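> What follows is a predicted structure for the sequence shown.
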Amino acid sequence: MNPIDNPYAPGAGTPPPELAGRDDLLAAVRIATQRVRAGRHAKSVLMIGLRGVGKTVLLDRMRMQAEEGGLQTLRVEAPEGRSLPAILAPQLRQALLRLSRSEQARALAERALRALAGFAKALRLRYADIEVGIDLEPEPGLADNGDLEHDLQALLEATGRAAQAAGTALILFVDELQYVDEDQLASLVTALHRCAQQQLPVMLVGAGLPQLPGQMGRARSYAERLFDFPFVGPLDPAAARAALEVPAAELGVRFEPDAVQAIVEATEGYPYFLQEWGKHAWDVADASPIDRRDVDTASREAVAALDESFFRVRYDRLTPGEKRYLRAMAELGPGPHRSGDIASVLHRRVESLAPTRSNLIVKGMVWSPSHGDTAFTVPMFDAFMRRIMPGADWTTR
């Protein structure tokens, strides 16, 4: 089999050749964005799910849909250590410059650019990472109080009025929202709430780990009424088979039924893992059809590739104490696990491990499905921890 023709695409946010099993969610977001454009009520959308379920891919596909529908968009990722104003400001500037090319919206877009100038100038002392080009002089009193909650509200209001005049909507696509500080999340929720109250065409479509609804609720109690939180999980067996079989069939290659079933079971339907297994199965097969022996060989190579990339990049960010905590979780199985059970494996008191657990939540490695429970945010990470820290001596390192 020619590796140059290999259709599978295991990568961070890389679009798969067949985006299977997500049509309903894509349609729901498309309808919501167009309702906002029409001045009708629609909730903002925050997709939540574990690593490897394709949230970033979905976010990009949704943005493409929105732009094809004539909407203005911005797309940002919220990395650790960056402020929300810093990541939003440059993208808002680009969106406003596009809106200013509309004759109907030019004056309002220029006023919003003045608001952005005041916003950046007033908040630069508090958020030193703000870097944005200034096209117009600030308008005194417009988004320049130096208070993020009030200034972001004024800025999004001004931007929403420009979008409304242009007959479009502004859709904010934000990935990795769980890394935004809760006080900044509160300011964003407040601003979106105000835009909704004034029926301005501004909407957020975001993505994050499963702890995000709790963070939003703590930021603002009314967040649950402002957002929908669709859970993006692994693909069902039919969609998982389609993700494997359709790209191969388009190139005249097929899988034996038991080979497909073996991959679906090994990957548990997680889209990233399906791409990894599909890639290696293609590369090891001599010819079509890809059979069970090919998959058995590919499984060893896929696990090794995941260990050196998908899993290892997360493992290397951990302190020794955090590694031991996750290894103790792995000793108990996939999870979720009670904090007391994890502490027992480590022969420690629950209270003494609370800071480690909190740090792991901040790093996006674990989350709490319910009070006192802890679960991995990365599928199959328990098996990886047992492979990379085998034996029993890890408890005394």
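All right, it came through fine.
> Off-centre distance for the lowest-mean-pLDDT helix or strand in the chain?
Sorting the helices and strands of the chain by mean pLDDT, DSSP states H and E puts helix 223-226 at the bottom, at a mean of 88. Computed by CA atoms, centre = their mean, to the nearest Å, the chain-centroid distance of helix 223-226 equals 19 Å.
> Which other helices and strands does it contact?
Helix 223-226 sits against helix 182-197, helix 212-219, with contacts defined as 3 or more CB pairs under 8 Å, 6 or more residues apart in numbering; DSSP states H and E. Quick note: C-beta positions are derived from backbone N, CA and C, even for glycine.
> List the contacts of the residue lying closest to Arg317 once chain neighbours are set aside.
Closest residue in space to Arg317, ignoring its immediate chain neighbours: Lys363 at 6.4 Å, by CB to CB, 6 or more residues apart in numbering. Contacts for Lys363 were tallied using CB atoms under 8 Å, 6 or more residues apart in numbering; they are 80, 317-318, 322.
> Pull out the buried members of the residues you listed.
318, 322 (16 or more other CB atoms under 10 Å).
> Would you mind putting the contacts of Lys363 into TSV with pLDDT, distance to Leu97 and secondary structure alongside?
Below are the contacts of Lys363 laid out as TSV (pLDDT from 0 to 100; distance: CB to CB, whole Å; DSSP: H, G, I helix; E, B strand; the rest coil):
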residue	pLDDT	distance to Leu97	secondary structure
Glu80	82	29	coil
Arg317	93	37	coil
Leu318	96	42	coil
Glu322	96	44	helix
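> out of the contacts of Lys363, which one sits closest to Tyr272?
Arg317 (18.4 Å; CB to CB).
> rewinding a little: of the helices and strands packed on helix 223-226, which shows the lowest average pLDDT?
The stretch with the lowest mean pLDDT among the helices and strands packed on helix 223-226 is helix 212-219, at a mean of 92.
> Restricting to C-alpha, output it in CSV.
Extracted as CSV, the C-alpha positions of helix 212-219 are listed here (Å, rounded to 0.1, in the frame of the first residue of the first chain):
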residue,chain,number,x,y,z
LEU,A,212,-15.9,24.0,31.8
PRO,A,213,-19.6,24.1,32.8
GLY,A,214,-18.6,24.2,36.5
GLN,A,215,-16.1,27.0,35.8
MET,A,216,-18.8,29.0,33.9
GLY,A,217,-21.3,28.4,36.7
ARG,A,218,-18.9,29.7,39.3
ALA,A,219,-18.1,32.7,37.1
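> Give me the residues contacting it.
46, 48, 177-178, 182-183, 185-186, 189, 206, 223-224, 227, 229, 368.
> Now a PyMOL select for only the buried ones of those.
To isolate the buried ones among the contacts of helix 212-219 in PyMOL, judged by 16+ other CB under 10 Å, type:
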select buried, resi 46+48+177+178+185+186+189+206+223+227+229+368
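> which one of the contacts of helix 212-219 is nearest Thr377?
Gln178 (9.1 Å).
> So for that closest one, what's the nearest residue that isn't a sequence neighbour?
Among residues not flanking Gln178 along the chain, Gly208 sits closest, at 4.1 Å (CB to CB, 6+ apart).
> Equivalent analysis for Asp151, please.
Excluding the flanking residues, the one nearest Asp151 by CB to CB, 6+ apart is Ala143, at 4.5 Å.
> show me the residues around that neighbour that make contact.
When contacts are counted by CB under 8 Å, 6+ apart, Ala143 touches 115-116, 118-119, 122, 150-152, 154-155, 158.
> Separate out the buried members of those.
Using 16+ other CB under 10 Å, the buried ones in those are 115-116, 118-119, 122, 151-152, 154-155, 158.
> So, low pLDDT: which residues of the stretch 51-200 of the chain?
Along the stretch 51-200 of the chain, no part satisfies pLDDT under 70.
> the helices in it, which residues?
Using DSSP state H, counting those that start in this stretch, the helices of the stretch 51-200 of the chain run over residues 55-68, 84-99, 106-123, 148-165, 182-197.
> The second one vs helix 148-165, what angle?
Interaxial angle of helix 84-99 relative to helix 148-165 (axes from the mean of the first three to the mean of the last three CA atoms, to 10 degrees): 20 degrees.
> buried residues in helix 84-99?
Those would be 84-93, 95-96, 98-99, for helix 84-99 by 16+ other CB under 10 Å.
> between those residues, which is closest to Val378?
Nearest member of these to Val378, counting by CB to CB, is Ile87, at 23.9 Å.
> From Val180, how far off is the closest residue to the closest one other than its chain neighbours?
Nearest non-adjacent residue to Ile87, counting by CB to CB, 6+ apart: Val76, 4.5 Å away. The spacing between Val76 and Val180, counted by CB to CB, to the nearest Å, is 10 Å.
> Neighbours of Val174, how many?
As a burial measure, Val174 scores 23 neighbours (other CB atoms under 10 Å).
> quick one, what contacts it?
Contact analysis of Val174 by CB under 8 Å, 6+ apart lists 75-78, 204-207.
> Next step: those restricted to strands.
Judged by DSSP state E, strands contain the following of the contacts of Val174: 75-77, 204-207.
> And those, which is closest to Ala162?
Leu204 (17.4 Å).
> wait, that closest one sits on His193?
No. Counting by CB atoms under 8 Å, Leu204 does not reach His193; the two are 10.8 Å apart.
> Between those two, which is the more surrounded one?
Shown here are Leu204 and His193; by other CB under 10 Å, Leu204 has more neighbours (22 against 17).
> one step back: hang on, isn't the residue nearest to Gln178 packed against Ile48?
Yes. With contact defined as CB under 8 Å, Gly208 reaches Ile48; the gap is 5.9 Å.
> Now do the shared contacts for those two.
Taking CB under 8 Å, 6+ apart as the contact rule, Gly208 and Ile48 both touch Lys55.
> ok so, going back, may I see the ones in strands among the contacts of Val174 arranged in CSV, with distance to Gln198 as well?
CSV is the format used below for the ones in strands among the contacts of Val174 (distance: CB to CB, whole Å):
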residue, distance to Gln198
Arg75, 24
Val76, 24
Glu77, 28
Leu204, 16
Val205, 20
Gly206, 21
Ala207, 26
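> Pull the most distant pair out of the buried ones among the contacts of Ala143.
Ala122 and Ala158 (14.4 Å).
> related to what we said a few turns ago, so which of the contacts of Ala143 comes closest to Ala248?
Within those, distances to Ala248 taken as CB to CB reach their minimum at Leu152, with 47.4 Å.
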